[in-house]
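> sequence plus the predicted model coming up.
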Amino acid sequence: MSIDLWQRGCDRLAIELPEQQFSTWIRPLPPADISDAGEAGAVASLRVPNRFKLDWIRSQYSARIESVLSELAGKPVRLELSLAPREAAPAGTIPRPLPSRPHSAAEVLHRALIGGGAPAAASVATGATFASGSSASASHSFHSHAVSDAAAAVRLAQAALAQAQANAESDQQAQMQAGQVGQQGQPGLTNNGSTAALRMSGDTSGAAPLPPRPGTLQPPPAASRSRLNPVLTFDTLVAGRANQMARTAALHVAGAPGAMYNPLFIYGGVGLGKTHLVHSVGNALLRDNPNARVLYLHAEQFISDVVKNYQRKTFDDLKAKYHQLDLLLIDDVQFFAGKERTQEEFFNAFEALLAKRAHIIMTSDTYPKGLVDIDERLTSRFDSGLTVAIEPPELEMRVAILLAKSRQEGAPMPEDVAFFVAKNVRANVRELEGALRKVLAYAKFSHKDITIHLAREALKDLLSIQNRQISVENIQKTVADFYKIKIADMYSKKRPASIARPRQIAMYLAKELTQKSLPEIGELFGGRDHTTVLHAVRKIGGERQKNTELNQQLHVLEQTLKG
Ligand SMILES: Nc1ncnc2c1ncn2[C@@H]1O[C@H](COP(=O)(O)OP(=O)(O)OP(=O)(O)O)[C@@H](O)[C@H]1O
């Protein structure tokens, strides 16, 4: 009965929680041991592999796990968490029936965006702007019921892809399975999907492909003509809440280019995976159709092409190069600012490609209407298909990225270390990769195991900069400014919501962004008890998951504090 109850609880949580959260925190847990005390209830004893995970599950999920188990058991079930002994076998994996695979990426996105409601459909079809996660406030036309349907559908897509990827790693048979997924419009396994996306030094952001590992297949010639980096595929792109909409839209385009969501405009801050995503589309399309004419380029390359062809008066060459494409992937279009001739040529190419139903995907650091010094006739066209944001990765996603990339590097990072690094490196994926490189290099050269102690050593410069920059006082001042209250209110006993809420937000940020303990934070907030701080941390952390406006405000505050 105990395994069965636990299994059913997991199945329920798999439906309720975002896929990334479920996969990171719940799925890897060993089954809880359930001791039944008759009418009085039952106790579910769960052995968690490390302290970080234990604390996190206790603070974030234990209440929900208890209530799901109690509901299923028909009597109260108390959850008892303890640390698994070090030498214990690695945590087992709960077999979880995956939701049936979506029929195609197009369908997934369609369901995700349209959900059950026609009004949202209309706004999407005519050029909706929406953002995953915190920036969803920009999506006035995106109905909230569609958001929850979207989340559910995207979870289905993620589950199917996660399954395909997991299978693909294991054996030849799984490769065939992944190939079938590809035929349905989703990316399957690419020949070098497991090739490391990391280098031990230097920048990984450029488009220059890494040399494939011995034994992996060479990229097809079309990939080099297209300037695609064969390493940047959907297989190596970790999915999370931060990129779910953009990734789902990109999957759709890869499966059915030239159909809907054309142009696709992807925007977000630096190092969040925009370039990776557009390369993934190109690589997926070429894998399915090696004859497709695909070109990836940075906006600056387009600018220099225009200049060169103007100097040589070879306008026809320029047209021939761009107007014949099936898929144009163009990165960082904000670089077109102030370049009138380039904008003119891009406008021509844009019109020609759309007229023949070729697909265009653009990236930028801001949404189309936020672009400066770019002609309105262009920016309005940029916004005429689908505009999606990529957000900074949330904690679960950062952990998943570290685990995935360290595995690709052949030096798997233990979960507690990944958690430690992810908690401390929050800005973007590029920084996360930098931190991972440092930790792995440090372990390699010092011939030591990868532990939290080692990670702390390897990253001490980075951590000390952060600790220096973010103090509780700084947080109190920034939050007080933001919500227009007095700093003194942070320490006062006043309770009106207009003051109590910013104070709770400041406590939450103090816990998130500093190394201070709950009692220390309580002390700095006018001598409050640590339970008051814990309550604030849980409350704001929980609300943040559901309330997009609050999440947006917290992002702004976090970015301000991190400088
Ligand atoms: N979700 C992800 N999963 C795995 N790797 C990722 C993910 N997001 C980003 N990366 C990696 O992080 C690095 C930076 O990503 P990328 O260059 O795509 O960011 P970007 O948004 O285009 O940044 P910029 O605007 O500075 O060009 C790359 O090495 C990329 O492979």
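Done, it's in. Numbering: from 1, shown residues only.
> CA atoms for contacts and neighbours, from now on please.
OK.
> all helices of the stretch 301-450 of the chain, in order?
315-323, 340-355, 376-382, 395-408, 415-424, 429-446 (DSSP state H, counting those that start in this stretch).
> those: which one's closest to M490?
The closest of those to M490 is helix 415-424. By CA to CA, the value is 25.0 Å.
> let's see that closest one as CSV, backbone CA atoms only.
Extracted C-alpha coordinates of helix 415-424, given in CSV (Å, rounded to 0.1, in the frame of the first residue of the first chain):
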residue,chain,number,x,y,z
GLU,A,415,23.0,17.8,-6.7
ASP,A,416,23.9,19.7,-3.6
VAL,A,417,26.7,21.4,-5.4
ALA,A,418,24.5,22.3,-8.3
PHE,A,419,22.0,23.7,-5.9
PHE,A,420,24.7,25.7,-4.1
VAL,A,421,26.0,27.2,-7.4
ALA,A,422,22.5,27.8,-8.7
LYS,A,423,21.5,29.7,-5.6
ASN,A,424,24.5,31.9,-5.9
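> and that helix, which residues are buried?
415-424 (16 or more other CA atoms under 10 Å).
> return the list of helices and strands in contact with it.
For helix 415-424, the elements it packs on are helix 51-56, helix 395-408, helix 429-446, helix 452-458, judged by 3 or more CA pairs under 8 Å, 6 or more residues apart in numbering; DSSP states H and E.
> please repeat the previous calculation with a cut-off of 6 Å.
Counting contacts by 3 or more CA pairs under 6 Å, 6 or more residues apart in numbering; DSSP states H and E, helix 415-424 is packed against helix 395-408.
> so where is the stretch 451-563 of the chain shaky, pLDDT-wise?
Scanning the stretch 451-563 of the chain for pLDDT under 70 picks out the ranges 464-469, 563.
> quick one: the helices in it?
452-458, 460-469, 472-482, 497-513, 518-524, 530-546, 548-562.
> quick one: the strands in the stretch 201-350 of the chain?
Ranges of strands within the stretch 201-350 of the chain are 264-268, 294-298, 327-331, based on DSSP state E, counting those that start in this stretch.
> what does the stretch 201-350 of the chain put close to the ligand?
Residues of the stretch 201-350 of the chain that fall close to the ligand, judged by CA under 6 Å from any ligand atom: 204-205, 236-239, 269-276.
> of those residues, keep whichever come out buried.
204, 236-239, 269-276.
> would TSV of those with distance to V43 be doable?
As requested, those are exported to TSV (distance: CA to CA, whole Å):
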residue	distance to V43
T204	49
T236	40
L237	39
V238	36
A239	34
G269	46
V270	47
G271	45
L272	42
G273	43
K274	46
T275	48
H276	46
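> re the thing from before, just name the most buried of the strands of the stretch 201-350 of the chain.
strand 264-268 (a mean of 26; mean count of other CA atoms under 10 Å).
> got the angle between that one and strand 327-331?
20 degrees (axes from the mean of the first three to the mean of the last three CA atoms, to 10 degrees).
> packing partners for strand 264-268?
Against strand 264-268 (3+ CA pairs under 6 Å, 6+ apart) you get strand 359-364, strand 386-390.
> strand partners (parallel or antiparallel) of the shortest one?
Counting by DSSP bridges, the strands paired with strand 386-390 are strand 128-131 (parallel), strand 264-268 (parallel).
> what's the least confident stretch among those?
Least confidently modelled of the strands paired with strand 386-390 is strand 128-131, at a mean of 42 by mean pLDDT.
> show me which residues of the stretch 451-563 of the chain sit near the ligand.
Counting by CA under 6 Å from any ligand atom, no residue of the stretch 451-563 of the chain is near the ligand.
> quick check: the residue of the stretch 451-563 of the chain nearest the ligand.
Q559 (16.1 Å; CA to the nearest ligand atom).
> nearest residue to that residue other than its sequence neighbours?
Using CA to CA, 6 or more residues apart in numbering and skipping the chain neighbours, the partner closest in space to Q559 is A427 (7.9 Å).
> please report the distance of L83 from the ligand.
Here the criterion is CA to the nearest ligand atom, to the nearest Å. By it, L83 lies 30 Å from the ligand.
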